[in-house]
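Participant: Have a look at this fold, sequence not included:
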């Protein structure tokens, strides 16, 4: 079991409020991603759940039991650190076994569990090596092995893939997701990368300035963002925002259209007119950065190849069903 | 990449410095070897004559030699043990966040900057003196007889003074090493359920293996040649109780005026230091390999 509930959790360092009251319900077995820009408090929130920081106010419940006064090891969670934090003088076996050894588990049982964990992560040939003799991806797997061997109630991941190169990151992303589904253990995963968040999460928590902006499934966040921040943060390339007369016509202060919901027409009629300033040809997609005069710079995504070049005139036609409307305070207006 | 030209240039430019260093080393060594083979006593000038290895036989069979060799090893070993066993907890304490830490650190490090003669005099006259010393005063407070340190426990007293001087060095090296210990590793150990003691044994101590090696190597080099502290406090006595190899050589040369025997002793000391260094690097040098 691994149901985690946050009730009005607050954290301040001196006069600085990092977490301004977080309420959250994480279901057993789900994969929840905390995402947000640097300094939004996502790592702090994770460390509060882990017990590495003390809460200033509020309660953290694991399976219904308030754990704010329980030391980290007794909370039944395990953590994968950004730097992996492997013990450099211990072999891979020693690293994975350390938690069990500290818990006073019998020797043969430790060996059995370590070997099972190593087999799951394809680490068996490396068990006797030291961390410095491993590649980045292997170190990452040792760190995960150290987490799974203790059969915790939940895994906590603190930006674990940020030190890997792009190709390896995609591969490890899949491996982590698959492993979590296979074990069925609750996981909380911190990242600043919204692609990681969208691809891995059952549910995403978007944090900004110490507050939870929205909590929902990836597609909910994509289709029905609560406010301007979430709308701008989720989705790549970023959503286009237009203010002024065009927005007023639709009864909003700001309207937003995602680049993929702008239809691109060469010298077309209607829609918004502009000049291509940069065109990125990826083969599978074409990203256009269009200078639309009073509307500012707009980004449009065209699936497939589109033979447009800087200086070409285009018109962009927004999909009327996919226009997001926001009021004065930045909140979404749902019709 | 170094081309042949740059290699030649580098060698040419290095030559004067290397040559000078070589001369600096080889002339005293050659003269010492030369003197070691002479009957050469300053009280008997003009009687210099070649005696072969007689000086070595004399020095090595002198009962004072074995006594001073033993004193040297006891002194080096004890000071190393004291500075490391006390240095580790001191460094751990100084690594904590407390008020006035910078002043405390300065005070801990201060003894290292006091020159050996001065610190030996302070210990001898202000602290350990059986009549006017601080320790005697404290003993009297409790109604105990004062200890005459340099008569009752001469070697221990010298070890105490030298340990006091070298403790800051060990502490400082270990402290900088502690500060480079990754915070996340300690947190990982905490998540793994390690107690403070287990964290120390399994995480901190292995991390300190390398700086401890450095401390042992550097301290050994200096402790083999301790002289000022002994000269100022006990003068090698009572008897031979605090005479180490360096002091024995000094007394051969400048108390007995026997230059030949002292030179032979100096060469023996060089050989001994190399033997110690050889075993030391064998035993602890492995820690230095990355």
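Facilitator: That came through fine. Keep in mind the model is a prediction, meaning the values are calculated, not measured.

Participant: ok, the residue in the stretch 51-200 of chain B positioned nearest to chain A - how many residues close by?
Facilitator: Closest residue of the stretch 51-200 of chain B to chain A, C-beta to the nearest C-beta: residue B:193 (3.3 Å). C-beta: built from backbone N, CA, C; applies to glycine. Residue B:193 has 20 neighbouring residues, counting by other C-beta atoms under 10 Å in any protein chain shown.

Participant: which ones are touching it?
Facilitator: The contact partners of residue B:193, by C-beta atoms under 8 Å, 6 or more residues apart in numbering or on different chains, come to A:73, A:74, A:99, A:102, A:103.

Participant: Check what pLDDT it gets.
Facilitator: If you check residue B:193, the pLDDT there is 84.

Participant: Could you do the one 4 residues further on as well?
Facilitator: In this prediction, residue B:197 carries a pLDDT score of 89.

Participant: so where does it fall, helix or strand?
Facilitator: helix B:196-199 (DSSP states H and E).

Participant: Show me what that helix is packed against.
Facilitator: Where contact means 3 or more C-beta pairs under 8 Å, 6 or more residues apart in numbering or on different chains; DSSP states H and E, helix B:196-199 is packed against helix B:183-191.

Participant: after the lowest-mean-pLDDT helix or strand in chain A comes which helix or strand?
Facilitator: Every helix and strand in chain A was compared by mean pLDDT, DSSP states H and E; the lowest is helix A:245-249, with a mean of 83. Using DSSP H and E, the helix or strand that follows helix A:245-249 in sequence is strand A:254-257.

Participant: Give me the distance from that next one to the chain's centre.
Facilitator: Chain-centre distance of strand A:254-257: 24 Å, with C-alpha atoms, centre = their mean, to the nearest Å.

Participant: Beyond the helix or strand hosting residue B:66, next helix or strand please.
Facilitator: Following DSSP H and E, one finds residue B:66 within helix B:63-94. Per DSSP H and E, the first helix or strand lying C-terminal to helix B:63-94 is helix B:101-109.

Participant: Can you name the next helix or strand after that following helix?
Facilitator: Counting by DSSP H and E, the next helix or strand C-terminal to helix B:101-109 is helix B:116-121.

Participant: what packs against that next one?
Facilitator: Judged by 3+ C-beta pairs under 8 Å, 6+ apart, helix B:116-121 is in contact with helix B:154-179, helix B:228-233.

Participant: Pick out the shakiest of the ones you listed, pLDDT-wise.
Facilitator: helix B:228-233 (a mean of 87).

Participant: angle of whatever helix or strand comes next after that one against helix B:63-94?
Facilitator: In the C-terminal direction, the helix or strand that comes right after helix B:228-233 (DSSP H and E) is helix B:245-254. Angle, helix B:245-254 to helix B:63-94, by axes from the mean of the first three to the mean of the last three C-alpha atoms, to 10 degrees: 140 degrees.

Participant: List the contacts of the residue in the stretch 51-200 of chain A that chain B sits nearest to.
Facilitator: The nearest approach of the stretch 51-200 of chain A to chain B comes at residue A:73, 3.3 Å away (C-beta to the nearest C-beta). Applying C-beta under 8 Å, 6+ apart, we find residue A:73 in contact with A:102, B:190, B:191, B:192, B:193, B:194.
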